[in-house]
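Q: Below: sequence and its predicted model.
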Amino acid sequence: MTVSSRTKHRALTRTWAEVKESFGMAMNAIGAHKLRSALTLLGVLIGVFSIVVVMTALRLLQRNVESELSQLGVNTFQIRKWPAVVFGDIGDWEKYARRKNITLAHGRAVIDRATLAQTVGIERWVWTGEVSSRYDKSPPNVNVVGATPGGFAARNWVVDQGRALIEADIDSSKDVCVLGGRIAKLLFPFGSALGQRVRIDGIGYTVVGTLEPKGATLGGEQDNFIVIPLTTGLNRYGRIWSSLSILVQAPSREAYEDTVEQVRGILRAVRKVEPGQEDDFEIFSNDSLIAQFKRFTLTVRVVVAVISSIALLAAGIGIMNIMLVSVTERTREIGIRRAVGAKKRNIMTQFIMEAVVLCEVGGVIGVLLGLAGGNFAAYYFEVPPILPVDWVIFGLVICSVVGIVFGTYPAYKAANLDPIESLRYE
């Protein structure tokens, strides 16, 4: 080991010993004034808690929303009369309400003319209620979807047993259905559902297939639905006021934009939209919906960050005040330490470390409470909890910054006390 290496090693060892000693003294000082320390770190705790609890809840919500929005298949987009989410005043609602419904004829035109599309499906959620079999009945929250065969690939519905709907089911408006995974197990717990009969809104349907289960999300079960032929659903639940959804799957990512433009042109033509006018329908995909959700939650995150910053600023001022009081109370102790050889940097390290430790104790408690509070929804809805590591680290780093910024002046004041005067202090 060279001379310079030995010097660096001794310096690092001395620095580490100094930090370790300062940490121990900081913990002793906090323990000696438990109530005062608890009240001081409460502000930090609240600030960090508010950040972590909201960000954890938003991250959990975002993960589950993305999972639900990603029910569309790969390279799939959807066309509807209404946007997925409407932000704005009553005028926006009126504009969308005045649009013509998307009809079965519009969907058929896309199926016939969209040469670039791999599959095209048409659907409408036609009914919600109780469904029964000879073995059991469901809660009154089962969704019934009227769909065409192309909707299975577009919705990423994978057949587990039996078959999907076929064109003959649509053309003849047959009383057949395909069960979601959860409904199949609920209504037929002792065997296969194929060929069995279920009653939907008092009408019997023959089960021709079941779907692979997808599991639970924050909004409920993804498998809590039944698919029937679209024409059967429209005949039973009304054609006049029903605006349909069209699902289009492009053959590849490279052909996606061309497919969108081709379908847009077909719909503008069949709906007689004049050149220069905006579309009277909405086109969106998984990515566009997720981006829209992120833009919406950005506002929430900014507001929470501002409020939490105010709380942390108030907590920092409180810490500075307490540290100044602590310097005054420990003036004689500082004088003794200076008299036995402690340098200014040792005193500064001691008091800055005390402020940082005070903040970090509050920060750790705030993080733990924030994670517990943010994941309460995960426990309630029985979905996997989440640990936002980036926001946990951010919260703890902010605590250290607050401790250093607001502890520096009291530490500087302590380090610059006159040793002689400090020893005389009573």
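A: In hand now; what should we look at?

Q: which strand of the chain spans the most residues?
A: The longest strand of the chain (DSSP state E) is strand 119-129.

Q: Outside of whichever helix or strand comes after it itself, list whatever touches it.
A: Counting by DSSP states H and E, the next helix or strand C-terminal to strand 119-129 is strand 131-132. Residues outside strand 131-132 that contact it (C-beta atoms under 8 Å, 6 or more residues apart in numbering): 137, 138, 142, 144, 183, 187, 198, 199, 200, 226. All C-beta spots, glycine's among them, are computed from the backbone N, C-alpha and C.

Q: Just flag the most distant two among those.
A: 137 and 144 (14.6 Å; C-beta to C-beta).

Q: So between these two, which is more surrounded?
A: Between residue 137 and residue 144, counted using other C-beta atoms under 10 Å, residue 144 has the larger neighbour count: 23 against 15.

Q: The closest residue to the more buried one other than its chain neighbours: neighbour count?
A: Nearest-residue entry for residue 144: residue 127, 4.3 Å, with adjacent residues in sequence omitted and distances by C-beta to C-beta, 6 or more residues apart in numbering. By the criterion of other C-beta under 10 Å, residue 127 has 18 neighbours.

Q: what do you get for residue 34?
A: Neighbours of residue 34 (other C-beta under 10 Å): 9.

Q: State the distance from it to residue 358.
A: Noted for residue 34: a distance of 12 Å to residue 358, by C-beta to C-beta, to the nearest Å.

Q: who's in contact with residue 312?
A: Counting by C-beta under 8 Å, 6+ apart, residue 312 touches 43, 44, 47, 48, 398, 402.

Q: So of these, which two are at opposite extremes in space?
A: Greatest spatial distance among the contacts of residue 312 (C-beta to C-beta): 43 and 398, at 12.7 Å.

Q: Could you point out which residue ranges in the stretch 301-426 of the chain have low pLDDT?
A: Applying pLDDT under 70 to the stretch 301-426 of the chain flags residues 380-383, 422, 424-426.

Q: In the stretch 51-200 of the chain, mark out all the helices, start to finish.
A: Residue ranges of the helices in the stretch 51-200 of the chain, as given by DSSP state H, counting those that start in this stretch, are 90-97, 104-113, 150-154, 167-171, 181-187.

Q: Between these, which one is closest to residue 325.
A: Distance to residue 325, taken as C-beta to C-beta, is lowest for helix 90-97 among the helices of the stretch 51-200 of the chain, at 56.5 Å.

Q: Alpha carbons only: can I get the closest one in CSV?
A: C-alpha atoms of helix 90-97 as CSV (Å, rounded to 0.1, in the frame of the first residue of the first chain):
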residue,chain,number,x,y,z
ILE,A,90,-72.2,20.2,-21.0
GLY,A,91,-71.4,21.3,-24.6
ASP,A,92,-69.0,18.4,-25.1
TRP,A,93,-71.7,15.9,-23.9
GLU,A,94,-74.2,17.5,-26.3
LYS,A,95,-71.8,17.2,-29.2
TYR,A,96,-71.2,13.5,-28.7
ALA,A,97,-74.9,12.9,-28.0
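
Q: Quick check: mean pLDDT of it?
A: What helix 90-97 shows for mean pLDDT is 75.

Q: Quick check: buried residues in it?
A: Going by neighbour count (16 or more other C-beta atoms under 10 Å), the buried part of helix 90-97 is residue 96.

Q: tell me what it is packed against?
A: Helix 90-97 sits against no helix or strand, with contacts defined as 3 or more C-beta pairs under 8 Å, 6 or more residues apart in numbering; DSSP states H and E.

Q: Check the offset of that helix from the chain's centre.
A: 29 Å (C-alpha atoms, centre = their mean, to the nearest Å).

Q: Also stretch 232-240?
A: 36 Å.

Q: Now that stretch: buried residues?
A: Going by neighbour count (16+ other C-beta under 10 Å), the buried part of stretch 232-240 is 232, 233, 234, 236, 237.

Q: Can you name the residues in contact with stretch 158-170?
A: Stretch 158-170 is contacted from outside by 147-149, 152, 157, 174, 176, 178, 181, 184, 192-194, 207-213, 227, 229-232, using C-beta under 8 Å, 6+ apart.

Q: Tell me how many other residues surround the residue lying closest to residue 81 once chain neighbours are set aside.
A: Among residues not flanking residue 81 along the chain, residue 243 sits closest, at 4.2 Å (C-beta to C-beta, 6+ apart). Residue 243 is flanked by 15 other residues according to other C-beta under 10 Å.

Q: Residue 243 touches residue 104, doesn't it?
A: No: contact criterion C-beta atoms under 8 Å: residue 243 and residue 104 do not qualify, at 10.8 Å.

Q: ok, how many other residues are close to residue 264?
A: By other C-beta under 10 Å, 16 other residues sit near residue 264.

Q: ok, residue 419 - contacts?
A: Neighbouring residues of residue 419 by C-beta under 8 Å, 6+ apart: 335, 338, 339.

Q: Can you tell me how far the last one is from residue 49?
A: Counting by C-beta to C-beta, the gap between residue 339 and residue 49 amounts to 43 Å.

Q: same question, the second one
A: According to C-beta to C-beta, residue 338 stands 39 Å off from residue 49.

Q: could I get the buried residues of stretch 232-240 as JSON lines with secondary structure, distance to residue 84 and pLDDT?
A: Formatted as JSON lines, the buried residues of stretch 232-240 follow (DSSP: H, G, I helix; E, B strand; the rest coil; distance: C-beta to C-beta, whole Å; pLDDT from 0 to 100):
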{"residue": "232", "secondary structure": "helix", "distance to residue 84": "26", "pLDDT": "95"}
{"residue": "233", "secondary structure": "helix", "distance to residue 84": "22", "pLDDT": "93"}
{"residue": "234", "secondary structure": "helix", "distance to residue 84": "23", "pLDDT": "92"}
{"residue": "236", "secondary structure": "helix", "distance to residue 84": "26", "pLDDT": "91"}
{"residue": "237", "secondary structure": "helix", "distance to residue 84": "22", "pLDDT": "88"}
